[in-house]
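> build me a model:
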Amino acid sequence: MARIAGRFGRVEPRASARAYLLGLLSKAERKNCWQLAEQAGHVRPGPMQRLLRYARWDADAVRDDLRAYAVAHLGADGAVLIVDETGFVKKGRSSAGVQRQYTGTAGRIENAQVGVFLALATSRGRALIDRMLYLPEHSWSDDPERRHAAGIPETVQFRTKPRLAWEMIAAALDAGVQAPWVTGDEAYGQDPRLRAALEARGTGYVMAVACSTRVRINHGRTLVRADTVAGRLPATAWQRHSAGNGAKGPRHYDWAWIHIGTGEHRHLLIRRNRTTGELAFYLCWSPTTVALAELVRVAGVRWSVEECFQAAKGQVGLDHYQVRHWTSWHRHITLAMLALAFLTALAADAAPKRPTDPHRPARSNEQISLTVPEIRHLLTAVFGPPAMTAAMLLQWSTWRRRHQATARHSHYRRRSFGKRAG
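Presented below is the predicted three-dimensional model:
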């Protein structure tokens, strides 16, 4: 709070922000304004709702503080910036940016919002450091009335997801984040403008692409599909490397790489599953010569953003919000990211100073390092909620049931009017 307190000009929103963050770190079942207000001992959710919607503070400025905090605690050589997106399934059509669209969260097309995120991953840990809500082109960008109702600023226009990713990457690099690598999945690797922007900035990348991607081999003379290249490689071209540790230990795959184009530092990297034979492809570029093992390391780091999403949603309520406004979405998401970065920083600072030997089997009586869930569990015991009197519990029960009755009545009226109109 000392880092971000100056972003709040008045005492009330500053106190609400602290209570909000403590609520996100708490054991509350759902991390929406109702439950966070009850967790904080408030008599109404008003202060929390005002914090997200009407209070004067700049979520982007707090994002800058969050990014600096993450770098200060997690910064290390070989840092990687990861771009990815995650979905937030929603009902109705009023939430900013919501429409029926594919989201990996549900694994299918759903009515959802999609946020594009930037993560920082190092040997000390990983954290989400930036976010942008994707605004669909036709259903939102060209609908002034709908935009106004959702509080979308006039300056916000349609931008593709790779474009949003580049803006966050550029902002991080401009802020002094020392990350020589960027990685992302096919949605970002397939975009030539994003790759070109990274090259112009002198930032290396290992970006996943589709098997149908065409690359130039033979010093740029022959254009061929990536999967065709893989099929022509001799057995001696494949090397076994670990893509990092997973839940069940080192993740070993077979890897091959070949020069593409005319530059020395441009490669097609191919990963082969040792059990199923399934292939994955990456376009790689680096400003200097690197070893295959380094490209493999960067490719293997990409999965850690999924770990960030899982922790953010499961531990600090990234997807628990019940807001529709553009500003409210960015404020909740930013505070949730800050709460996760705080837990990650504590875990990094508590980790053993000497790296463990991956080849030495752990003893049965050795304890693992502190994890984000364990740290949150300990914090909730220290910063427990204030004692709730029976009268306050009943008061909250009455408030919730009245609010729910009003919402149900409004829903029934809308349905009734809809049937009459039909």
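
> all strands for this structure, in order.
Under the criterion DSSP state E, the chain contains strands at 80-89, 99-103, 108-122, 125-133, 181-184, 204-209, 214-217, 222-225, 239-246, 249-259, 266-272, 279-285.

> ok, which of those strands comes nearest residue 190?
Relative to residue 190, the nearest member of the strands of the chain by C-beta to C-beta is strand 204-209, separated by 5.7 Å. (C-beta placed from N, C-alpha, C; glycine too.)

> still on that earlier bit, weakest of the strands of the chain in terms of mean pLDDT?
Comparing mean pLDDT over the strands of the chain, the weakest stretch is strand 239-246, at a mean of 87.

> which residues touch it?
250-256, 271, 274, 292-293, 296-297, 299-301, 303, 358 (C-beta atoms under 8 Å, 6 or more residues apart in numbering).

> and if we set it to 7 Å?
Contacts with strand 239-246, where a contact means C-beta atoms under 7 Å, 6 or more residues apart in numbering, come from 250-255, 292-293, 296, 299-301.

> export these to a markdown table and tack on distance to residue 104 and neighbour count?
Formatted as a markdown table, the contacts of strand 239-246 follow (distance: C-beta to C-beta, whole Å; neighbours: other C-beta atoms under 10 Å):
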| residue | distance to residue 104 | neighbour count |
| --- | --- | --- |
| 250 | 25 | 13 |
| 251 | 20 | 15 |
| 252 | 25 | 12 |
| 253 | 22 | 22 |
| 254 | 26 | 17 |
| 255 | 25 | 23 |
| 292 | 29 | 15 |
| 293 | 29 | 11 |
| 296 | 24 | 22 |
| 299 | 19 | 25 |
| 300 | 19 | 22 |
| 301 | 18 | 24 |
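
> which of the strands of the chain sits closest to residue 310?
strand 80-89 (9.7 Å).

> follow-up on the earlier one: quick one: closest of the strands of the chain to residue 139.
Nearest of the strands of the chain to residue 139, taken as C-beta to C-beta: strand 99-103 at 4.7 Å.

> which strands border that closest one, and is each parallel or antiparallel?
strand 108-122 (antiparallel) (DSSP bridges).

> centroid residue for the chain?
Compute the mean C-alpha point of the chain, and by C-alpha atoms, centre = their mean the closest residue is residue 117, 4.2 Å away.

> any idea what that residue is bridged to?
Residue 117 has the following beta-bridge partners by DSSP bridges: residue 84, residue 131.

> who's in contact with it?
By C-beta under 7 Å, 6+ apart, residue 117 lies in contact with 84-86, 128, 130-131.

> how does it look with 10 Å?
Neighbouring residues of residue 117 by C-beta atoms under 10 Å, 6 or more residues apart in numbering: 82-86, 128-132, 164-165, 168, 305, 308-309, 312, 318, 333, 337.

> next one: residue 36
Going by C-beta under 10 Å, 6+ apart, residue 36 touches 16, 19-24, 26, 28, 30, 42, 45, 47-48, 51, 317, 320.

> where's it relative to residue 179, distance?
Distance of residue 36 to residue 179, computed by C-beta to C-beta, to the nearest Å: 33 Å.

> same deal with residue 255?
Computed as C-beta to C-beta, the residue 255 to residue 179 distance reads 23 Å.

> same deal with residue 17?
Using C-beta to C-beta, we find residue 17 at a distance of 28 Å from residue 179.

> what of residue 378?
Separation of residue 378 from residue 179 (C-beta to C-beta): 31 Å.

> quick one, which of the two is more surrounded?
Each of residue 378 and residue 179 has its neighbours counted (other C-beta atoms under 10 Å); residue 179 has more, 21 against 12.

> tell me how many other residues surround the nearest residue to the more buried one once chain neighbours are set aside.
Distance criterion C-beta to C-beta, 6 or more residues apart in numbering; nearest residue to residue 179, sequence neighbours excluded, is residue 79 at 4.2 Å. Counted by other C-beta under 10 Å, the residues lying close to residue 79 total 20.

> state the pLDDT value of residue 79.
Residue 79 carries a pLDDT score of 96 in this model.

> I'd say it and residue 176 touch.
No - with contact defined as C-beta atoms under 10 Å, residue 79 does not count as touching residue 176 (11.9 Å).
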